[in-house]
Each structure stands twice: as structure tokens, then as C-alpha cells.
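Participant: Sequence first, then the predicted structure:
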Amino acid sequence: MASSSNWVYINSNDGDIIHSNEHIQSKSFVESDQSNAVDAGANQTSDSSTKHDQSNVADAGANQTSDSSTKHDQSNAVDAGAIQKPDFFEKTEGDEVYDDAESLMPENDTNKNENENISKTNIANEVMSNTDHMTPQLGSAMRTNFKMHLFMLRYAKSSDKLNLEWHFVDRKFPFAQTMLLASIDNKKLHMFSLELELTRDNFGWLLVLDKNKLHRITTYQLKLSDFDDKDGKRVLRDPLQYSHEFLFDVHFQTIYFQSPPGSDIPFWNQLCLFTCFFLQQSTYDRFNDFIIQFKAAMYGRTFVRDCCEDFFKECNKYVADSLKRSTNKPNGIKQIIRMIGLVPINKQNFGLPNTSTENFTNVIMSEFTKHLKDVISSLAEDEWNSFRDGMVTLICIQLLSQTFKKSNTSPLEVLLNASIQPERLEIIKRLLNFIKNINGDRNIPEPIWFELLVLDSSDNLIKTIPIEIISFEVYVRCATKVVPALAQFDNFINRLSSHFDDAVKQNQFSIDLKNITFLLSFLRNQSSDDANPDLKTIRSIIDASTTLRNKIKVYMSTLNVTINEFNSIRDIFILSNESSVLFHIKRKEFLLKLLTNDKNLRSVDFYTRWFLAFMAPDKNKRSMLDDDEFKELLKVWTKCVAHRPDTIVTILKEINVLISAMGDHPCSSHFIEYMVDLCFQQKSIIEQIEQSVLLVQSPKFLNEFKLKYKTNVLDVYQNSLKELTNQINPLRILIRIDVATKYQHAFLRELIQMACEDIKIDDEEILQDLFYKPDYQTFTYVALFHSSFETIHIRQCIVDRLLAQSLSWEEIGMRWDQLFAWTHYTYQQRVVADKVWALIREVSSKQFEIDKLINTENDKMQEKLKIIEIIPSCLDIYCSNATDKQHYKDLLQNIANSFTEKIVRTVVIPNEIEQFVPIAKRLHPYSKSTVWHLFRQQPLTCK
């Protein structure tokens with residue numbers, strides 16, 4: 001190698017070797033912090049034997065602008081010295097120096113084990129130290145072969161055609177192209193890769209193999225689809241140090257205002273995307289080269305808030321999916337965490353809440369927790385520094401995220417794992433400093449501080465419990481951490497108990513309903529005490545605190561409870577059954593005071609929610625009252641509710657909710673009975689049940705109401721239920737409500753049915769109301785035709801009896817009075833009768849027609865009446881002196897009497913009368929003739 005090839009190494013904290021692009025005279029230096037390395041590069045003085053080019057990276061670092069998109073890859077200038085030709089060599093660059101490359105290739109190929117698919121190798125990611133890199137001596141007969149892999153990322157649309165080439169002189173090498181990751185919108189991520197076969201000859205020259213020939217190379221240029229690289233002279237990195245080179249700052253020139261295809265990828269996003277590439281391809285061995293080169297390229301760049309948000313947005317999009325494709329998940333997780341360790345986060349560029357940042361962090365920490373042991377075991381000594389930084393960043397994000405989104409899991413639990421123990425204190429130290437840096441002047445959440453402090457040191461643990469106003473939840477969590485460490489000290493229980501009482505006296509606890517609820521829940525949950533004696537100790541200290549009881553008594557006695565706090569009060573009383581914390585609070589008196597204290601009229605919502613909170617069981621079916629307390633409070637509650645009629649009506653509208661909330665509580669039946677009795681104490685409710693009772697859906701309530709309605713209402717009016725003109729008749733009221741509600745309530749029909757069951761109606765009443773004197777105002781008519789009775793049994797009973805009567809008339813006939821009544825109806829009676837028998841005709845299977853039947857029966861009756869009418873006159877005229885005249889008149893009278901007593905069909909004309917019928921019919925027309933009478937009065941003469 002030429003003697004002018006002098007390399008500068010910058011070692012990061014974790015031993016990763018960072019190549020600066022500063023070419024100085026054989027002087028190396030080591031910095032422990034990245035920012036120090038930047039300053040070193042910016043302020044490095046040069047030896048007089050060495051000239052600095054204007055593109056020197058040290059100068060660039062000193063004069064760096066904040067726009068990272070315009071920065072060239074600093075590290076590309078690093079290797080200029082490595083390939084600088086000696087003065088005595090006068091060949092022009094690009095000349096073919098070897099015609100037969102194969103015959104000249106040495107055996108010691110440093111990359112011979114690196115296959116085309118590097119992902120299949122699983123070598124340790126060790127970073128070479130300075131002493132590992134030996135410079136070949138000039139004049140040596142040994143030549144060394146290398147493989148150099150170049151990588152570049154670029155975004156492009158589906159329609160863009162990307163052809164990337166590597167040029168030197170007139171030689172060009174096409175890059176292979178792979179589309180990585182999933183497409184986002186119309187933007188696809190392309191990975192360009194190129195493998196170069198390189199050789200360093202015994203003069204120190206770097207040569208590239210092309211078409212079986214070796215060509216000297218000093219600088220090269222990239223070209224994208226005829227668009228030239230803005231950096232006209234790029235230099236390869238020293239292949240002795242790296243087998244992979246990552247091109248971060250590649251920008252192409254425009255051609256006549258035409259932009260090159262695709263778009264550049266922001267520098268910081270490439271940290272994420274290259275890492276995803278390694279994960280997807282499982283090429284973990286490339287990560288060390290990448291991380292060293294990326295660190296070098298970071299110097300002098302700014303990382304503003306937009307950069308930070310974009311970076312985590314890309315991580316959230318791609319990293320988790322890439323990790324799923326990784327063949328070695330622990331190794332992949334390790335590289336992700338080390339990648340995060342490079343991100344220069346501070347309070348200016350970082351902010352929460354941020355969904356992308358939080359989601360990405362939660363996914364990676366979850367995977368890390370699952371594979372923690374394997375990840376830790378895969379770490380090399382010189383990888384720990386960046387890994388610790390990455391862990392600190394991720395843990396900090398999770399901790400700070402909890403101030404915006406409550407979580408049940410603590411990210412600090414990972415630090416309790418045995419695999420982390422050797423590094424725990426160092427990680428905690430960095431984490432505390434990192435949180436301060438992120439939060440700036442803001443107060444760090446107290447729980448986070450305490451958990452960190454407990455993990456960091458066990459000295460003076462009681463004093464580390466926060467002295468600011470805190471919640472009981474925070475105190476319990478803190479005490480849970482403290483007690484195990486204190487158990488080794490004598491008299492620690494008394495010390496901790498005294499500390500707790502002092503904190504209560506000094507109002508260091510936030511006393512409110514939420515904190516009291518938590519405290520009682522904690523004291524109640526004793527199932528784990530046997531397995532965790534520390535919890536038992538903490539519970540005993542809190543539960544025995546008289547100071548705490550008095551403090552809570554004062555708070556509860558002065559509390560101005562709102563409706564929204566009812567459930568919290570309920571939970572507190574339920575939980576207090578197994579604790580002494582509320583010893584001074586009398587539950588029943590407290591609730592009665594809450595119910596009756598306000599002199600102003602309460603709202604219906606108040607009474608409803610009061611009942612749901614304190615009378616009904618909670619969602620876990622726990623009740624705070626025994627049966628006697630329930631009944632006593634129910635009396636007071638109903639008294640308050642019944643104070644105004646409109647209030648009880650509104651309560652009844654909501655009673656479905658109350659009954660449902662009671663569930664199978666032992667006092668549920670008592671509550672329903674009590675509420676039904678309350679209904680019957682309000683006359684307006686019974687007369688307007690459509691506004692209250694009919695809105696109830698609870699079967700239990702409705703059944704109880706029916707029983708009480710029968711006893712309290714129907715039985716009282718049992719003998720007057722048919723009197724539908726009576727305004728206070730309950731059946732009339734039910735019918736009115738049924739009409740008003742458009743016959744929509746089945747329960748109302750049940751009440752009507754129950755009322756009709758007490759109504760007695762016989763056949764005589766039915767015929768009287770519907771046949772002899774048909775009237776639309778009679779109960780029978782209403783029951784037959786009113787819509788409220790359509791499904792009522794009594795209606796069907798009336799129909800059945802009329803059908804039976806019609807069948808009887810058809811079979812045996814009708815009486816004279818029935819025929820007489822039908823033929824002598826008034827107009828209104830005729831309308832009613834026609835409607836009744838039209839209905840019977842509709843329901844009759846024989847299509848009964850009463851008009852036809854009556855006409856037939858009437859004809860028969862008139863025929864027999866005619867006989868009774870004509871024969872007496874004949875007897876008087878023609879048989880006036882007959883001795884048996886009276887006998888025949890008696891027979892005729894018997895026939896006449898039969899019409900009023902018997903069915904018309906059963907009236908029989910005796911034969912003695914029947915024989916006179918023909919003569920009577922002939923003589924009867926003359927009975928009223930004067931001429932005939934004069935003729936008969938003349939004496940008869942015989943000739």
C-alpha cells in the first residue's frame with residue numbers, strides 16, 4: 001500500500017470504529033462521545049506536509065448547514081489517501097494493467113467466504129479495532145482481493161424507471177435493484193446494490209475487475225437514468241476496513257429543468273430503512289459496517305422535530321413487519337435497539353404524545369421482553385454501549401407515554417430481569433439523565449422517578465417516598481418497592497407506619513373519592529397476601545391508621561356530593577365492609593342525609609340515580625345494604641318520590657331500569673310490591689295508566705299490578721262493570737285508554753279481559769240486548785263490536801250463544817213474539833239487528849240468513865192465524881144455532897193460545913177445524929158483503 005495512505009479512526013463509546021473523511025498525517029484519536037468527535041473533526045489542525053482539500057470533512061463539519069438533504073457523504077472522502085498513486089507511477093487512471101486477471105488473482109481473497117446472499121451467514125457482529133487493520137508493504141509480491149458491496153436507497157413511483165450505474169472513466173457497472181418493504185400509497189422503496197471485485201496490487205493500487213480484466217480506479221461517479229451525480233468524484237472506502245459501503249448523500253443533477261426519476265430519502269430515515277433491509281434479508285453481518293458509516297455521516301447534521309417525527313413514522317410503518325421476516329429474531333431486535341441508540345433525541349426535537357412513536361416503541365419493547373434472554377446473550381462487549389442507549393430511549397418513551405395513555409404494564413419491569421442485572425445501574429443512570437434531557441423544565445411524573453430511584457439504590461428508601469401531594473395508588477406502589485428492601489432492618493414497620501401517619505397529617509395525600517376507592521380496593525384484595533407478606537405489611541399499616549380514619553371522616557362529612565359521584569360513594573361503602581378505614585362513617589345516616597338534606601325539590605334524575613347507586617346491587621352483584629336497611633331506605637325514598645304526583649309518574653316510566661338493576665336481589669319482590677302499592681295510592685295513576693304503568697315492561701311488576709288491580713279496583717266495581725255509561729266505571733276507563741293508545745298495549749287487553757271475567761251474562765240478556773230490543777248502548781253490543789273486545793273471551797261467548805240460537809231457530813223454528821219483535825223494529829233497532837246478524841252470518845259455517853228464516857216462519861204463522869180468523873165468522877153466520885158451535889170456538893181459542901206458548905211450527909190445527917177450512921175459505925169473502933147478508937135475510941121459497 002502506498003505510504004501516503006493514512007487513516008483516521010474515531011472510536012465511539014461502544015468501540016464501534018467511525019471513519020472520519022479527514023485525511024491527516026497518520027494521527028488517530030479516540031473520543032468517548034459523538035459530539036466530541038464532531039468538535040475534533042471540526043477543529044483538527046493539519047500538518048504542513050498535508051494539504052486540505054476544500055471538500056475536507058473537517059471543514060465541512062465546522063461550516064455545516066442544518067439542511068441534511070444537501071450534505072454529501074462525508075465518509076466517501078475518507079479513502080482518497082488509500083488509493084493515491086505513487087509519484088513514480090505514471091500510468092493514466094483507467095488503463096488496463098492486467099490482461100489476464102485470473103492468472104494474477106492471489107489466493108488470499110479476504111472475501112472468499114462472502115457469498116452472493118450474505119444473509120445466510122451468521123457471523124458475530126464484531127467491529128475491527130485499530131490494531132486489526134494491517135497496511136500491505138509496498139513492493140510486496142502479495143496482492144489482496146476484495147469484494148465491495150455498495151448500497152443506496154431511493155423512493156420512486158410505480159411509473160418511474162430507475163437505472164443506477166457505477167461509472168469510472170468509460171467503464172460502467174449496473175446496480176441490481178430490489179423493491180423493499182410494502183408500498184405506501186404510490187411510493188415504493190428501492191434498494192440498489194452493486195458488488196465490485198477489487199484487488200490491491202503490490203504497489204498499493206486499487207483495481208476493479210471488469211470483463212476478466214483489472215482496471216485501476218481512483219474516483220467514480222454514479223448515474224441515474226442519464227442524470228449525473230452531483231458529486232462528480234466519489235472515492236471508495238478502504239476495502240480492508242469495510243466490505244460494504246452505504247451511500248447516504250447521493251443527489252442527481254437536473255437536465256434542462258427535468259428532475260431525475262424518484263426522490264431522495266431523508267438522511268435520518270435511512271437509518272430505519274437500511275436496518276429494515278438487514279432484517280428482511282437477514283444480513284445481520286452488514287449492520288456493523290452500516291452503523292459505523294452512519295455515525296460518521298451524522299457529524300455536523302441537525303436532527304429537528306420534523307426529522308424525529310418522520311423517523312419514528314417510518315419505524316412504525318416498516319420495522320415491525322421487517323422483524324417478522326427476520327430469521328434470527330433476537331439478533332434483529334438487538335440491531336433495532338442499537339439503531340435507536342444512534343438517534344440524537346433531546347427536548348427540542350422530541351415530543352409526546354405521538355402515535356407512531358408510541359406504537360413502534362410498544363411493539364419493539366414487547367418483542368424485546370419476549371426474547372430478552374436471547375437478545376442479551378447475543379450482545380458482544382463492544383455492542384453494549386449503543387444497545388444501552390437504545391434501551392434507554394425506548395424505556396423513556398414508554399414511561400413518558402404513560403402520562404398521556406394509562407398502561408397497566410411498567411417498562412421498568414424489564415430491568416428487573418436477571419439477564420439485565422449486570423447493566424441495570426448503568427442503564428438507570430443513563431435513563432435518569434435522559435428523562436431530564438427530554439422533559440427539560442417540566443416535572444417528571446413522580447411514579448417514574450420513584451421506580452427509577454428504587455431500582456437505582458436501596459439507601460434511605462423511606463425518605464425516597466415522595467413528599468409532594470400524591471395519590472394512595474402512588475404511595476402503595478412506592479411502598480411495595482420499599483418494603484422488600486426495608487425488611488432487613490429492625491423496627492421498619494413502626495418507622496413506615498409513623499411515616500404514613502405523618503404524611504396523612506401533613507395533607508400529603510390527595511383525599512378524594514377516587515383515591516379512597518383505590519385504597520379500599522387495595523385493602524380488600526388479600527388473596528395474594530400469603531404469597532406476598534410485604535403486601536400484608538402495607539395493608540396492616542394503612543388499615544390500622546387512626547389518623548387516616550379521622551381524615552376521611554372529615555372529608556366525607558363535608559363532601560358536597562353530586563349525582564355523578566353516587567357510584568363512587570356506593571363503591572366506597574361496599575368495599576368498606578372488610579376495612580376499618582370508614583369506621584367513623586355511619587352508612588345509613590350518610591345516605592339518608594344525602595337523600596333528604598336539600599330543601600329544594602330534587603329532580604327525577606336525582607332519585608333514579610340515587611336508587612341505582614345505593615339500593616340496587618353493583619355490576620358484581622354486591623349490595624351495600626341488608627334487607628332491613630333496604631326496606632327502611634325504600635320507605636324514605638318513596639315518600640320523597642310520592643311528594644309530587646308528576647314525579648312518581650316519571651319514576652314509573654323509568655322503573656324498568658330500576659327493576660332490571662335489582663335483578664334477583666332478595667328485596668326485589670318487596671320493591672315491586674311497594675311500588676305497585678304506591679301506584680294505587682295515586683288515583684291519577686290508575687285513571688291514566690297509559691302515562692305510567694303501560695310503559696313498564698317488567699313482567700314481575702305487571703303481574704303484581706294485575707293482582708292489585710283486581711283486588712283494589714275490579715272487586716269494588718264488580719256489580720257495575722256493565723254500566724259503560726258510568727264515568728268512573730273502571731272498564732269504561734280501560735276502554736277509553738285502549739282507544740287513546742290505538743289498541744297497542746297487550747297488558748291493557750289483559751286488564752280488560754280480567755274485568756270481563758267478573759261479568760255475568762246469560763242468553764236472555766243477550767237476546768234482549770241484541771234481538772228483542774237491539775240497542776248499541778248495551779254492554780252486549782259493545783262487547784260484540786268494540787275493538788277493545790276483539791280478543792276478549794266474553795265477545796266470543798256472545799257470538800257462540802247467538803250462533804247456537806240461530807241453529808236452534810233453523811232446527812225447531814221461532815216463537816210468535818220473536819217474529820213479532822223482528823217485524824216491528826224501529827229504524828235504529830233495525831240497523832243494530834242487521835249489524836248483529838250480519839256478523840253471525842259471517843262467522844257461521846252455514847251462512848245463516850235470519851231474514852229468510854223469519855219470512856218462512858212468519859208465512860207459516862200467518863197461514864195458521866188466517867184459519868183462526870175466518871172460521872169464527874163462518875160459525876157465527878152460518879152455524880149460529882148449532883149446538884156444537886162453542887166447541888169449535890174453544891178449539892180455535894186453544895190454537896190462538898198456542899202461538900204465545902209454543903213454537904210456531906208446533907202449533908197444530910185439529911182435524912175438526914181442518915175440515916172446515918175449504919168451506920170457510922169459500923164463504924169468508926162473502927162475510928162482509930151487504931148484498932149477501934140481504935139475500936140471506938129473504939125467506940126461502942120452494943118451487
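Facilitator: Now that the structure is in, tell me what you want to look at. Numbering: from 1, shown residues only.
Participant: any idea of the mean pLDDT for stretch 837-849?
Facilitator: Average pLDDT, stretch 837-849: 80.
Participant: Can you mark which positions in that stretch are buried?
Facilitator: Neighbour counts over stretch 837-849 (16 or more other Cβ atoms under 10 Å) mark 837, 839-840, 844, 848 as buried. Heads up, the C-betas are built off the backbone N, CA and C, glycines and all.
Participant: and if you look at stretch 617-627?
Facilitator: Neighbour counts over stretch 617-627 (16+ other Cβ under 10 Å) mark 617, 623-625 as buried.
Participant: per-residue confidence averaged over it?
Facilitator: Mean predicted confidence for stretch 617-627 is 81.
Participant: cool, and stretch 568-575?
Facilitator: 87.
Participant: V832 is in what secondary structure piece?
Facilitator: According to DSSP states H and E, V832 maps onto helix 827-843.
Participant: just so I have it, where are all the strands in this structure?
Facilitator: 9-11, 17-19, 96-98, 144-157, 164-168, 171-174, 176-184, 187-200, 206-210, 213-216, 221-224, 227-228, 244-247 (DSSP state E).
Participant: which one of those lies closest to C640?
Facilitator: C640 lies closest, by Cβ to Cβ, to one member of the strands of the chain: strand 176-184, at 63.2 Å.
Participant: tally of neighbours for the closest residue to T900 other than its chain neighbours?
Facilitator: Spatial nearest neighbour of T900, chain neighbours left out: W816 (6.0 Å); criterion: Cβ to Cβ, 6 or more residues apart in numbering. Applying other Cβ atoms under 10 Å, we find 21 residues neighbouring W816.
Participant: next one: N433
Facilitator: Using other Cβ under 10 Å, N433 has 11 neighbouring residues.
Participant: For W809, which residues are in contact?
Facilitator: By Cβ atoms under 8 Å, 6 or more residues apart in numbering, W809 lies in contact with 818, 850, 853, 857.
Participant: at 7 Å instead, please
Facilitator: W809 makes contact with L853, according to Cβ atoms under 7 Å, 6 or more residues apart in numbering.
Participant: Could you chop this protein up by domain?
Facilitator: Residue ranges for the domains of the chain, per automatic domain parsing: 1-112+122-264+275-300, 586-698, 715-848, 871-937.
Participant: got those domains as CSV, with distance to S386 columns?
Facilitator: Listed next are these as CSV, based on distance: least, Cβ to Cβ, whole Å:
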stretch, distance to S386
domain 1-112+122-264+275-300, 5
domain 586-698, 50
domain 715-848, 76
domain 871-937, 120
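Participant: which one of the ones you listed has the lowest average pLDDT?
Facilitator: Lowest mean pLDDT within the domains of the chain: domain 1-112+122-264+275-300, a mean of 64.
Participant: now the end-to-end length of stretch 412-421.
Facilitator: The first and final residues of stretch 412-421 sit 12 Å from each other (Cα to Cα, to the nearest Å).
Participant: One more: stretch 764-771?
Facilitator: Across stretch 764-771, the terminal residues are separated by 10 Å (Cα to Cα).
Participant: Go ahead and confirm R539 touches S521.
Facilitator: No - between R539 and S521 there is no contact under Cβ atoms under 7 Å: 11.3 Å.
Participant: who's more crowded, those two?
Facilitator: Between R539 and S521, counting by other Cβ under 10 Å, R539 is the more crowded of the two (19 against 15).
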